[in-house]
Every structure is written in C-alpha cells, then in structure tokens.
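Peer 1: sequence below, structure please.
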Amino acid sequence: MTMNRYLYQALFLFLLLVTSRNTFAQTSWDTAIEEVLAATLADHREFVSLRNVATDKADMLKNVDWVKPRFEALGFDVDLLASSTLPIFLAERKVESATKTVLFYFHLDGQAVNPEKWEQEDPFVPVLKEQSADGGFKPISWDYIKGDINPDWRVFGRAAADDKAPIMMMLTALKLLQKQQKDPSFDIKIILDLQEEAGSEAFLSTLKQYQNRYAADYMVIMDGPAHPSNRPTLTFGCRGIASCSITTYGAKLPQHSGHYGNYAPNPVFGLSHLLASMKDKSGRVLIDGYYDGITISPQVEATLRAVPDNEEEIQEGLKINNSDAVADSYQKALQYPSLNVRHIETPCKGPGLKTIIPEEITAHLDVRLVAETDGKAQLAKIRQHIAQQGFLVLDRKPTDEERKSNDKIVTFIANAGVNAFRTPLDDPFGIQLRQALEESFGQAPVSIRTMGGTVPIIPAVNTLQIPAIIVPMVNMDNNQHNPNENIRIGNIADGIKTCLTILTMDIE
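Peer 2: Numbers count the residues shown, from 1 in each chain. As a prediction, the model looks like this:
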C-alpha cells in the first residue's frame, strides 16, 4: 500500500508538472501578446495606410519596401523573383538541424475600392471603431490603444483583414520568438503574392521556373475568414470552379411581339425548359453522372457534423424557408459539385422595357468543383445533357442553314477553370496542427473538409504536390472584398497565438 501511494504521488506530481508547463506556455504567450499588441496595431495601421491595388505597380512596390526590411530583421533572406508582371516576394530562413520545410502563403494586394460606399473618408486611412448600441460602429481615437484594449474594437480599412492582418500576425509572432531567442524546428519559406486579388497571374506563371525555390514539405495558406464561432480553424481544401455559357436562338433578328407573337419562337422559353431539365424542384442536379465518385464515409460524416454550424441561423441569415436538398447540412452540401446560373442576358440592353421577341438569350453558369470532379469532365456532362434534350450543340453561332434545318440550337462555350484541392483529414501534418492548436487554445479547432470558395492559387497546390492546409484567422464578418472591410482586434491577438503555435511545432 505504501509503495502504491508513492507511485500515485509521483504520477500526480508528473501530471501536475506537465499541466503546469502547458499552462505556463499558454499564459506566457497570452501575456507576451498583450504586451506587444499596441505596437502591432500601430504597425498594422501604418501598413494598411499603404495603397495596395495590384494594378498600380508603384503602390505595390511601396508595400514590398515596407515588409522587406522587417523580414530581413528577423533573419530572413528576401528575394524578389522576376515574373512577366509583378515580382514574387520570397523570404527564406534556414534553421540549423531542421529536416522539414514549411511554405507559408500570404498575399500583399487588396481589392479595389469605391470610396463613396465606405463609411469613412478614405478606405486607405485606417479608422479604429467600437460597436454602438444600435449594432453599428463609431470611430474612436487611436490613442485608446495605449490603454486597455477591447478585443471587440475593430480596424476599418481596405486590406485591414484581407490579407494584411495575417502578415502582421506572422511578423509579430516571429518577433516574439526572436525576443525569446527561440527558433522553429523547421526551415521557413514565406511567399507574399502581389496579385492574388487579380488572379495570381505572376505567381502561377512562375511555378515551373521557380519550383525548386518554392519546394517544401508542407504548405500553410494564411488567408480567408475563420469559422463564425471564431474558434481556431483549419480548412483542408476548397472548391474549384469551371464555367460555361449557353445561348439559345429564335429568329435571326429581334421581332415586334405584336406582329410575330405566337409565330416567331421566343428563345427565352427554350432556354428556361433546358435549364429546368438540369435540376429537380428540390435543387438536385439531374445531369447523368454529375455526382459520380462522391461518397461520404462515416468518418467524414462525423467531421462534417463536428463543425459548429447552426442550420437554423444560416437559413435565417439567408432569409430562406429551406435549403436545396443536395445534402442535409451546409457542410455536407459543400462536398458535392454545384450548378449555378449566375447571369442571364439578351442583346437588348439599356433603360426601359421593349415589346420584342429577342433573337437570342444566354445563360452564364458556374460549376463549383470538388476534389472528386474534373472541370472538363463536368462540362462534358452538361454538354451531353443538352444534346440529349434534342439540341444541336455548337461552339459558335449557327449559320442560316443550321437555323432553318434545326428547331433547337445551342451555342455552348466552356471554360474548364481550375480544379479543387483537398488534403486528407488524416494527413499527419493536419493531425499535428490540430493537436498543437487544441493544446494552445484549450479546445479543438474547427476542421473544415472543404470550403465553398475558390482561391486562385489552387494550381500552385496541385503543381507543388505537397499537403496544403488553409489556416484562416480573421473574423468572418470582416466585409472581405466589400466596403467597410475590417479586422477585429481579438482576432489579431488570437492569430498571433496561432502563428506562434505553428512556429513552435515539432514537425515530424
């Protein structure tokens, strides 16, 4: 009994020591972050004040001049890799005895602005705001950050969240590690894309040329909003996108609806019947083989159910009575390819309604792809479905002879776009990330198998062929790409902690 008591006491002391070390690490990080948060916000303010629309090369190079010395001061070698347009910012830091390399991706550019839509004089002059009783936000003095900082205050400005906040989070985390004289256990490569909002033309055009420079064991994409719960979030993939246009025809020229109504066919109705044949009333796609290859295993189902979404709140926010019946939850719906009519147009434009029968009508569709689907293959299925409905399918306008000899004609123009990517949920790097974030934050991160949107750098993920995980850190309601973009200060603090967590991982 005495020996057992000593063993229990020893075990208790060991567990207490381990717990104390973990608690101390979290507490020291929180304290350290709190001590530098005001300085981080001041730097962020200065950073966001730099205009960063990719079409203005001079402005983008000013942003490069701002970040370059800051990375160099943290021990990074910085290169500006030449491309056909803007350069690629690549910062590299070697760590002695490291056996792994992690490539971090950020973007330096922001969306264009319409100042008239913003609730401040200049979108590139950041404004500190707090929420008022009516739910809106009112400006407060920047002097407030010298005292107690409210995590719910927000910084409003273009690129305040997307994507300058994550860059600042990483810079601050690296500074804190430098101050503590700690090195990561892996080599670091950091890409700052100067054209992400414009399609990442420069970066994607250099994938083969600089593939060795970009080579790494793992890729972390630090962009996009976290889950609405603001819990740490890991996203293991995103949907790709393909597109097509479908044009149906009536008479060769528009006709007066009085003279030729009931005689000249109206292509609007032909198109409407065709589109209606593609989906049932519940929203499921009826095209043969459209969902082929999609399976939801019990393990995947459990992961999807673990995402803390509230379906009632989602539908209330959308103001819809019910969702499409493709799947029984929002997360599960994202696991299937979509078919969306994004725009319908006739040649008749301008103000006022006209009593005509249009000569043609075009529907523009987009297809969100998942990892199991290929853009070319999905578009081929759509084309085949149109042919099965009795249409002559062309990739050009019909000739007069084709018009006279066919009742149903379609011009089908396809763009295969970019395919999706998805890193397996059981990838070892993903497992380590989850464990590290859970230990750091005291709760498991939200693991999202596939996010709904498409990021321009998917071809990079597929070309480099390394496990890639998106680590989004800004607040979901940041008005990304819209007027009044903002970042919640609490998300900046949590983002710094997330970066510290990743940088101090012992990657296997």
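
Peer 1: Three-state assignment for Tyr336, please.
Peer 2: Classification of Tyr336 by DSSP: H, G, I helix; E, B strand; the rest coil places it in coil.

Peer 1: looking at it, it is touching Tyr291, isn't it?
Peer 2: Yes - applying CB atoms under 8 Å, one finds Tyr336 in contact with Tyr291, separated by 5.9 Å. Bear in mind the C-beta positions are built from the backbone N, C-alpha and C, glycine included.

Peer 1: centroid-nearest residue for the protein?
Peer 2: Residue closest to the mean C-alpha point of the chain, counted by CA atoms, centre = their mean, is Gly224 at 4.6 Å.

Peer 1: with adjacent residues omitted, what lies nearest to that residue?
Peer 2: Distances taken as CB to CB, 6 or more residues apart in numbering put Pro472 closest to Gly224, at 3.9 Å, once the chain neighbours are dropped.

Peer 1: dump the residue contacts of that neighbour.
Peer 2: Met222, Asp223, Gly224, Pro225, Ala226, Thr233, Thr235 (CB atoms under 8 Å, 6 or more residues apart in numbering).

Peer 1: if I look at the last one, how far off is Asp152?
Peer 2: Right, Thr235. As judged by CB to CB, to the nearest Å, Thr235 and Asp152 stand 24 Å apart.

Peer 1: same question, the second one
Peer 2: Here the distance between Asp223 and Asp152 works out to 23 Å (CB to CB).

Peer 1: repeat for the first one
Peer 2: Remark: distance between Met222 and Asp152 (CB to CB) = 23 Å.

Peer 1: looking at the two, which has the bigger crowd around it?
Peer 2: Applying other CB atoms under 10 Å to Met222 and Asp152 shows that Met222 carries more neighbours, namely 24 against 11.

Peer 1: so that one makes contact with Val474?
Peer 2: No - taking contacts as CB under 8 Å, Met222 lies outside contact range of Val474: 9.6 Å.

Peer 1: any shared contact partners between the two?
Peer 2: Pro166.

Peer 1: domain map for this protein?
Peer 2: 9-115+158-238+421-503, 240-294+336-418 (automatic domain parsing).

Peer 1: is the residue nearest to Gly224 in a helix, a strand, or coil?
Peer 2: Secondary structure, three-state DSSP: Pro472 is coil.

Peer 1: how many residues are close by Pro347?
Peer 2: 12.

Peer 1: ok, now which ones touch it?
Peer 2: Neighbours of Pro347 in contact, by CB under 8 Å, 6+ apart: Pro254, Pro358, Glu359, Glu360.

Peer 1: if you set the cut-off to 10 Å instead, what comes out?
Peer 2: Residues counted as contacts of Pro347 (CB atoms under 10 Å, 6 or more residues apart in numbering) are Leu253, Pro254, Ile356, Pro358, Glu359, Glu360, Ile361, Thr362.

Peer 1: can you pull out the strands in the stretch 51-200 of the chain?
Peer 2: Using DSSP state E, counting those that start in this stretch, the strands assigned to the stretch 51-200 of the chain run over residues 77-81, 88-93, 101-107, 127-131, 137-139, 154-156, 187-193.

Peer 1: for the fourth one, output the C-alpha coordinates as CSV.
Peer 2: Output of strand 127-131 as CSV, limited to C-alpha atoms (Å, rounded to 0.1, in the frame of the first residue of the first chain):
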residue,chain,number,x,y,z
VAL,A,127,-10.1,54.0,-38.6
LEU,A,128,-10.4,52.5,-35.1
LYS,A,129,-14.1,51.8,-34.2
GLU,A,130,-16.2,50.3,-31.5
GLN,A,131,-19.7,48.9,-31.8
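
Peer 1: note down every partner strand of it and its orientation.
Peer 2: Note on strand 127-131: by DSSP bridges, its sheet partners are strand 137-139 (antiparallel), strand 154-156 (antiparallel).

Peer 1: out of those, which one sits most buried?
Peer 2: Highest mean neighbour count among these (mean count of other CB atoms under 10 Å): strand 154-156, with a mean of 25.

Peer 1: what residues does that one touch?
Peer 2: The set of residues external to strand 154-156 that reach it, using CB under 10 Å, 6+ apart, is 41, 44-45, 48, 118-120, 123, 125-131, 137, 139, 142, 145, 160-161, 164-165, 475, 477-479, 483-492.

Peer 1: selecting buried members of the residues you listed in ChimeraX, what would you type?
Peer 2: Buried residues among these (16 or more other CB atoms under 10 Å), as a ChimeraX selection:
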select :41,44,45,48,118,120,123,126,127,128,129,137,145,160,161,164,165,475,478,479,483,484,485,486,487,488,489,490,491,492
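
Peer 1: go through the contacts of strand 154-156 and flag which are in helices.
Peer 2: If you go by DSSP state H, those have Leu41, His44, Arg45, Val48, Lys164, Ala165, Ile489, Gly490, Asn491, Ile492 in helices.

Peer 1: and these, which is closest to Lys319?
Peer 2: Nearest to Lys319 out of the ones in helices among the contacts of strand 154-156 is Asn491 (CB to CB; 26.8 Å).

Peer 1: report pLDDT for that closest one.
Peer 2: Asn491 is assigned a pLDDT of 98 by the prediction.

Peer 1: can you check the one 4 residues further on too?
Peer 2: Gly495 is assigned 98 on the pLDDT scale.

Peer 1: and Val455, by the same measure?
Peer 2: Reading off the confidence values, Val455 has pLDDT 88.

Peer 1: and Glu72, how many neighbours?
Peer 2: Neighbour tally, Glu72, other CB under 10 Å: 12.

Peer 1: quick check, it in contact with Ala91.
Peer 2: Yes - contact criterion CB atoms under 10 Å: Glu72 and Ala91 qualify, at 8.1 Å.

Peer 1: now the common contact residues for the two.
Peer 2: Val78.

Peer 1: between the two ends of stretch 229-246, how far is it?
Peer 2: End-to-end distance of stretch 229-246 (CA to CA, to the nearest Å): 40 Å.

Peer 1: and that stretch, which residues are buried?
Peer 2: Buried residues in stretch 229-246, counted by 16+ other CB under 10 Å: 230-246.

Peer 1: what about the closest residue to Lys179 other than its chain neighbours, how many neighbours?
Peer 2: Of all residues not flanking Lys179 in the chain, Ala32 sits nearest, at 7.9 Å (CB to CB, 6+ apart). The tally of other residues near Ala32 (other CB under 10 Å) stands at 20.

Peer 1: for Ala32, pull up the helix or strand it's in.
Peer 2: Using DSSP states H and E, Ala32 sits in helix 2-48.

Peer 1: circling back to that earlier point, burial-wise, tell me which of the domains of the chain comes out on top.
Peer 2: By mean neighbour count, with neighbours taken as mean count of other CB under 10 Å, domain 9-115+158-238+421-503 ranks first of these at a mean of 19.

Peer 1: and that domain, how far out from the chain middle?
Peer 2: Distance of domain 9-115+158-238+421-503 from the chain centroid (CA atoms, centre = their mean, to the nearest Å) equals 13 Å.

Peer 1: sorry, back to before: ok, which of the strands paired with strand 127-131 comes nearest Leu108?
Peer 2: Using CB to CB, the nearest of the strands paired with strand 127-131 to Leu108 is strand 154-156, at 17.5 Å.

Peer 1: quick one, phi psi at the nearest residue to Asn415 once chain neighbours are set aside?
Peer 2: Nearest residue to Asn415, sequence neighbours excluded (CB to CB, 6+ apart): Ser243, at 4.8 Å. The phi/psi pair for Ser243 (degrees, to the nearest 10) reads phi -150, psi 160.

Peer 1: good, we can wrap up now.
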